[in-house]
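*Asks:* build me a model:
(one chain, ligands or ions: 1)
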Amino acid sequence: MTPLILRALQGETLPTPPIWFMRQAGRHLPEYLATRAKSKDFIDFCFSPDLASEATLQPVRRYDVDGAILFADILLIPIGLGRSVHFEKGVGPVLEPITVEGISKLTIDGAADRISSIYETVSKVRAALPEDKTLIGFAGGCWTVATYMIEGRGTPDKEKAKRFAYENPDAMDDLLDALAVSTAEYLVGQARAGTQVLKIFESWAQGLSPAQFETLVISPTRKIIHLVREAGITVPIIGFPRAAGLNMITFSNALDLQGLAVGTDTSMGALRPHVRDGLCLQGNLDPLLLRMGGQAMLDGVDRVLDDAAQGPHIFNLGHGVTPDVKIESVHGVINRIRER
Ligand code: CP3
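*Replies:* The predicted structure follows:
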């Protein structure tokens, strides 16, 4: 029996869409907080297969969602490339901003091997996960990871990274290439260890000119997909060029994708005629409604289901679950979908 998420990604329009939530594991779950407390550092936590596999499985146990997403982070790849990354309370990720010289010193060879404890997490999860649940692996898109490497932390406008790309096109190409090669190796490793879907989080794809979108987002993503396929990996790939506007259409038509994750700002119904027939769309409840709960949330769920009903669909949020989300609200969303 093929799991529902894989059926949707094969192009099947199901009567009830399969469900998972971005950031379904994490701080809104008391069991996550208890497991997380066993490791003082978030990155150590990601590199501990026992703890990370437990965190991956928790939302599946609690919510009976159709998918488990590997518990890891998009900023592990820079560690493999020899950069320092840590997480500061109240700030988020902090990296040493990279320079042109730093790019030439990235340790591309063996970058994915240096973070290969993640593959052990994948194997542990797959061994424990029921057959009808799909294990989703992931990596950050090259541009999104590059923004953190260049800016040193999350910023609202990514101006420093965009300037860097305009001023140092060759160094930027080298950085994106290092990321594409190491990310492809990392995704291949995940798939060999048991992930059944691969998702590329290009979370900061918004606000790029079409020309920069082509060089910074489409081109390196094409390289990742090419290398993954060349290695013989056939699992479906979901792209997530979040909030990229019309660039999202260019993205999905330029790349060999089986799924396109859609942010809150885009109608899946309006998007469908512009993308490949049978492409599975994933999304896109406003995460704010999940934080609010109540009737507004249920109405929002209905709108998403109606909007996506004309083709293959995986239900998700437009972005991640936040720590203030109530468990009963997540149950409310799932029940609404499954009881329709
Ligand atoms: O449940 C899941 O979705 C699985 C795991 C996952 C995490 N991060 C765990 C995590 C995934 C898929 C990510 C991806 C990720 N990480 C993205 C892309 C997706 C998105 O949300 O747009 C980005 C931009 C990051 C970088 C990152 N990691 C940020 C901005 C933060 C938040 C820092 C903070 O303090 O809020 C993280 C940390 C992080 N990654 C947490 C979790 C559960 C919280 C850390 C903790 O538990 O203290």
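*Asks:* with adjacent residues omitted, what lies nearest to the residue of the stretch 51-200 of the chain found nearest the ligand?
*Replies:* Using Cβ to the nearest ligand atom, the closest approach of the stretch 51-200 of the chain to the ligand is made by residue 92 at 3.6 Å. In this view, the C-beta of every residue, glycine as well, is placed from N, C-alpha and C. In space, and not counting its chain neighbours, residue 92 is closest to residue 154: 5.3 Å by Cβ to Cβ, 6 or more residues apart in numbering.
*Asks:* secondary structure class for that neighbour?
*Replies:* coil (DSSP: H, G, I helix; E, B strand; the rest coil).
*Asks:* tell me the contacts of it?
*Replies:* Applying Cβ atoms under 8 Å, 6 or more residues apart in numbering to residue 154 gives the contacts 92, 93, 148.
*Asks:* just the ones in strands from the residues you listed, please.
*Replies:* Those of the contacts of residue 154 mapping onto strands are 92, 93, per DSSP state E.
*Asks:* among the contacts of residue 154, name the buried ones.
*Replies:* Burial by neighbour count, judged by 16 or more other Cβ atoms under 10 Å, picks out 93, 148 from those.
*Asks:* wait, does stretch 238-256 contact the ligand?
*Replies:* No. Residues of stretch 238-256 contacting the ligand under Cβ under 6 Å from any ligand atom: none, with a closest distance of 6.6 Å.
*Asks:* close to the ligand: what parts of the stretch 51-200 of the chain are there?
*Replies:* 69, 71, 73, 74, 75, 87, 92, 93, 138, 154.
*Asks:* residue 330 - nearest residue in space that isn't next to it in sequence?
*Replies:* residue 63 (5.8 Å).
*Asks:* number of nearby residues for that neighbour?
*Replies:* Residue 63 is flanked by 18 other residues according to other Cβ atoms under 10 Å.
*Asks:* cool, and residue 306?
*Replies:* Residue 306 sits with 12 neighbouring residues when counted by other Cβ under 10 Å.
*Asks:* residue contacts, it?
*Replies:* Going by Cβ under 8 Å, 6+ apart, the list of residues near residue 306 reads residue 269.
*Asks:* now do the helices in the stretch 151-300 of the chain.
*Replies:* Listed in chain order, the helices of the stretch 151-300 of the chain (DSSP state H, counting those that start in this stretch) span 159-167, 169-193, 210-212, 219-230, 247-254, 268-271, 287-292, 294-308.
*Asks:* give me the contact list for the fifth one.
*Replies:* The reference is to helix 247-254. Against helix 247-254 from outside (Cβ under 8 Å, 6+ apart): 205, 208, 210, 213-214, 217-218, 221-222, 239, 241, 244, 260, 262, 266, 271, 274-276, 279.
*Asks:* circling back to that earlier point, and of the contacts of residue 154, the nearest to residue 299?
*Replies:* residue 92 (32.0 Å; Cβ to Cβ).
*Asks:* surely that closest one meets residue 153?
*Replies:* Yes. Residue 92 is in contact with residue 153 according to Cβ atoms under 8 Å; the separation is 6.5 Å.
*Asks:* what helix or strand is residue 127 located in?
*Replies:* If you go by DSSP states H and E, residue 127 is part of helix 117-128.
*Asks:* show me how far that helix is from its chain's centre.
*Replies:* Relative to the chain's own centre, helix 117-128 is displaced by 18 Å; criterion: Cα atoms, centre = their mean, to the nearest Å.
*Asks:* residues contacting the residue of the stretch 201-340 of the chain found nearest the ligand?
*Replies:* Scanning the stretch 201-340 of the chain for the residue nearest the ligand gives residue 203, at 3.2 Å (criterion: Cβ to the nearest ligand atom). Contact analysis of residue 203 by Cβ under 8 Å, 6+ apart lists 74, 140, 141, 144, 240, 242, 319.
*Asks:* residues near the first one, how many?
*Replies:* Meaning residue 74. Around residue 74 there are 19 residues (other Cβ under 10 Å).
*Asks:* quick one: it and residue 86, what's the gap?
*Replies:* Shown here: residue 74 relative to residue 86, a distance of 15 Å by Cβ to Cβ, to the nearest Å.
*Asks:* do the second one as well
*Replies:* Applying Cβ to Cβ, one obtains 17 Å for the distance of residue 140 from residue 86.
*Asks:* so the two - more neighbours on which side?
*Replies:* For the pair residue 140 and residue 86, the greater number of neighbours falls to residue 140 (24 against 14), based on other Cβ under 10 Å.
*Asks:* name the nearest residue to the more buried one, ignoring sequence neighbours.
*Replies:* residue 74 (2.9 Å).
*Asks:* right, I'll call it a day here.
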